[in-house]
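>>> Need the 3D shape of this:
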Amino acid sequence: MSEQTPPEGTDPSTQPAAPKTESHDPAVPAAYAAFMRTGWGDRELDLPVLPVAEHAARRRARLAGVFPGERLVLPAGTFKVRAYDTDYRFRADTAHTYFTGNQTSDAVLVVADGESVLYARPRSSRETDEFFRDRQYGELWVGRRPSLKEMSDSLGLEVRHLDELTGVLGQTGKTRVLRGVSAAVDGLVSPDDARDAELARVASELRLVKDDWEVEQLQEACDITTLGFEDSVREWDEVLRYGERWIEGTFFRRARAMGNDIGYDSIVGGGSHATTLHWIDNTGPITPGELVLLDMGVENRSLYTADVTRTLPVDGRFTDVQRELYELVLAAQDVGIAAVRPGVPFRAAHNAAMEVLAHGLEGMGLLPVSAQEALDPESRVYARWTLHGTSHMLGLDVHDCGQAAPEAYAEGTLAEGMVLTVEPGLYFQEDDLLVPEELRGIGIRIEDDILVTADGSRNLSAALPRAAADVEEWMGALRR
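Model prediction:
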């Protein structure tokens, strides 16, 4: 029996639909279809055993230990439409990847009774039209998917045909589903909002502390990100000619060449665009005399992402006003990083950085009250110019572990192995009448990726200079 042939007893309603085609595709006469099913040799894909396999096995064991005797369902997800018949490039759900290492679409991990099985869609059988006609899964359209055995050998995990999933999920017993990833899977199991949410919470919390392999992956992502920043500055003449778009494209080239993708849409904010926190249009000019804020991160091939921000003087040197503001933000980041160590509150870096910025704003005569009054949680008027929190967790997601309980994350304490950003900023909107005109339209953020170590912290993105003089020297050397 070919792998595409569904096993006996499978519900016909779950069988693959007709090949995904488009109205403008040529007709397929019976003779052509029959001819296409003959005369093909066979070959195996040479898939290595993934380094993550042994780590993923331990993670699944931990997950199963939290929910003994229950069935846990974690889908990878499927393709998402970008426009009409064009899909976005597929990226597997983070929790699914964390517990399997799998990056193929439509797969579903089921953990039950101490055993884990991945239900997956293998490559198309040459005995079906899907092989040569299907635009989404056909081998001749999108490439050769691995067989079930190839997947199993690579992942170190039992892999069965996806068509068996309906029968498995129809069995009795407590079942929790990671919801919102696959509409098809969601529809196979009646929801239990509280229990399903608990699975999502635990899947997030298990990712809070990174093991040594994960730290290596994050370091690699930071190192490639550094190269992407360097590429951008080396091409500064083109940046001045084409503006924000050139930096976005240059950085993406490095991300694709050495990693999987960018970890999030790059933020390239020239001039007043830097005051928009998530400016991802990247359509503006890069203008001499102004600053440009670059918030960019590479997602490596195991899907761990960096998240780094630098604010650069377009002319290669800061003006006096720019330097004063930049050094205030840098001082805030320095104390924020210094606050990171095991046992302190997650918000320690934020609180330390805001203390510096609030007093700096007071010194500039901008606050309507004293810095200490502004820092009162019931006031926070200083936040008009700081806007956002200073830290978030980092890992497979740029905002990692987002479904963890507050007491484990935002209201919790740091532990060795956690990785978080430290990214204070100052943002003076161009139409803010409460600040001097010379400050309007300036936005500055400095962001690094910080590993909590046994005795403090380590900056994974330290290869990119932060001090104003070092930034100027770095830009000058690269442009020469």
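
>>> contacting residues around E54?
Going by C-beta atoms under 8 Å, 6 or more residues apart in numbering, E54 touches G156. All C-beta atoms are positioned from the backbone trio N, CA, C, and that covers glycine.

>>> helix or strand right after the helix or strand harbouring it?
Secondary-structure element containing E54, defined by DSSP states H and E: helix 53-66. Beyond helix 53-66 in the direction of the C-terminus, DSSP H and E gives the next helix or strand as strand 71-75.

>>> And that following strand, what does it pack against?
Under the contact definition 3 or more C-beta pairs under 8 Å, 6 or more residues apart in numbering; DSSP states H and E, strand 71-75 sits against helix 94-100, strand 108-112, strand 175-177.

>>> and that strand, which strands flank it?
With DSSP bridges as the criterion, the sheet partners recorded for strand 71-75 are strand 108-112 (antiparallel), strand 175-177 (parallel).

>>> TSV please, covering the helices and strands packed on strand 71-75 and showing mean neighbour count.
What follows is the helices and strands packed on strand 71-75, written out as TSV (neighbours: other C-beta atoms under 10 Å):
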stretch	mean neighbour count
helix 94-100	25
strand 108-112	23
strand 175-177	24
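
>>> G425 is nearest to which of the ones you listed?
Taking C-beta to C-beta as the criterion, helix 94-100 is the member of the helices and strands packed on strand 71-75 that comes nearest to G425, at 26.1 Å.

>>> Now do that closest one, average pLDDT.
The average pLDDT for helix 94-100 rounds to 98.

>>> Check the gap between the closest residue to P285 other than its chain neighbours and A349 for me.
Leaving out its chain neighbours, the residue that sits closest to P285 by C-beta to C-beta, 6 or more residues apart in numbering is G243, at 4.3 Å. Noted for G243: a distance of 33 Å to A349, by C-beta to C-beta, to the nearest Å.

>>> Next, the angle from the helix holding E54 to strand 108-112.
Note on geometry: by axes from the mean of the first three to the mean of the last three C-alpha atoms, to 10 degrees, helix 53-66 and strand 108-112 are set 50 degrees apart in direction.

>>> quick check: mean pLDDT across helix 53-66?
Regarding helix 53-66, the rounded mean pLDDT is 97.

>>> So between G243 and A349, which is more surrounded?
Neighbour totals were compared for G243 and A349, and A349 leads with 30 against 19 (other C-beta atoms under 10 Å).

>>> can you confirm that one is in a strand?
No. Residue state for A349 (DSSP: H, G, I helix; E, B strand; the rest coil) corresponds to helix; a strand is not indicated.

>>> residue contacts, it?
336-337, 339-340, 390-391, 420, 422, 450.

>>> which regions of the chain sit below the pLDDT cut-off?
By pLDDT under 70, the weakly predicted segments of the chain are 1-17.

>>> Can you pull up the most central residue in it?
D397 (3.4 Å; C-alpha atoms, centre = their mean).

>>> Make sure it is actually in contact with T305.
Yes. Between D397 and T305 a contact is recorded at 7.4 Å, counting by C-beta atoms under 8 Å.

>>> Show me how the protein divides into domains.
Domain segmentation of the chain under automatic domain parsing yields 12-205, 212-479.

>>> out of these, deepest packed?
With neighbours defined as mean count of other C-beta atoms under 10 Å, the domains of the chain peak in mean count at domain 212-479, which reaches a mean of 19.

>>> re earlier: any idea how far the residue nearest to P285 is from T287?
The span separating G243 from T287 equals 9 Å under the rule C-beta to C-beta.

>>> Please apply the same query to S457.
Plainly put, S457 is 36 Å away from T287 if you go by C-beta to C-beta.

>>> quick one on the thing from earlier: adding distance to R234, write the helices and strands packed on strand 71-75 out as a markdown table.
Listed next are the helices and strands packed on strand 71-75 as a markdown table, based on distance: least, C-beta to C-beta, whole Å:
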| stretch | distance to R234 |
| --- | --- |
| helix 94-100 | 33 |
| strand 108-112 | 43 |
| strand 175-177 | 48 |
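
>>> for those, which one sits closest to S266?
Once C-beta to C-beta is applied to those, the stretch that comes out nearest is helix 94-100, at 19.7 Å.

>>> Only alpha carbons, please: show the closest one as CSV.
Output of helix 94-100 as CSV, limited to C-alpha atoms (Å, rounded to 0.1, in the frame of the first residue of the first chain):
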residue,chain,number,x,y,z
THR,A,94,6.0,27.6,17.7
ALA,A,95,4.7,25.1,20.3
HIS,A,96,4.5,22.3,17.7
THR,A,97,8.1,23.0,16.6
TYR,A,98,9.3,23.2,20.1
PHE,A,99,8.0,19.7,21.0
THR,A,100,8.8,18.0,17.7
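
>>> Who are the packing partners of it?
Taking 3+ C-beta pairs under 8 Å, 6+ apart as the contact definition, the neighbouring helices and strands of helix 94-100 are helix 53-66, strand 71-75, strand 108-112, helix 193-205.

>>> can I get these in JSON lines with distance to M364?
Formatted as JSON lines, these follow (distance: least, C-beta to C-beta, whole Å):
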{"stretch": "helix 53-66", "distance to M364": "48"}
{"stretch": "strand 71-75", "distance to M364": "50"}
{"stretch": "strand 108-112", "distance to M364": "53"}
{"stretch": "helix 193-205", "distance to M364": "39"}
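
>>> excluding its backbone neighbours, what's nearest K149?
Once its chain neighbours are removed from consideration, K149 has its nearest residue in V159; the separation is 7.7 Å (C-beta to C-beta, 6+ apart).

>>> Could you spell out the sheet neighbours of the helix or strand encompassing that neighbour, each with its direction?
Assigned by DSSP H and E, V159 belongs to strand 158-161. Strand 158-161 has the following sheet partners, assigned by DSSP bridges: strand 115-120 (parallel).

>>> can you list contacts of the partner strand?
Outside strand 115-120, the residues that touch it by C-beta under 8 Å, 6+ apart are 57, 60, 64, 99-100, 102, 104, 106-110, 148, 151-152, 155, 157-162, 164-165, 168.

>>> Kindly recompute the last result at 7 Å.
Strand 115-120 is contacted from outside by 60, 100, 102, 104, 107-110, 148, 151, 155, 157-160, 162, 164-165, using C-beta atoms under 7 Å, 6 or more residues apart in numbering.

>>> go on, stretch 214-232?
Taking C-beta under 7 Å, 6+ apart as the criterion, the residues outside stretch 214-232 that touch it are 239, 247, 250-251, 254-255, 258-259, 294, 296-300, 302, 304-306, 308, 310, 394-395, 419, 449, 451, 460-461, 463-464, 478.

>>> repeat that with 8 Å
Defining contact as C-beta under 8 Å, 6+ apart, one finds that stretch 214-232 is touched by 55, 210, 239, 246-247, 250-251, 253-255, 258-259, 263, 294, 296-300, 302, 304-306, 308, 310, 394-395, 417, 419, 449, 451, 460-461, 463-464, 478.

>>> Just the residues you listed: which are in strands?
For these, membership in strands holds for 294, 296, 298-299, 308, 310, 419, 449, 451, with DSSP state E as the criterion.

>>> would you turn these into TSV with distance to C222?
Putting the ones in strands among the contacts of stretch 214-232 into TSV (distance: C-beta to C-beta, whole Å) gives the following:
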residue	distance to C222
L294	14
M296	11
V298	8
E299	12
V308	7
R310	13
V419	10
D449	6
L451	10
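
>>> wait, which of those is closest to R234?
The shortest gap between R234 and any of those belongs to L294, at 13.8 Å (C-beta to C-beta).

>>> Y304 is in contact with L396, isn't it?
Yes. Using C-beta under 8 Å, Y304 is in contact with L396, at 5.9 Å.
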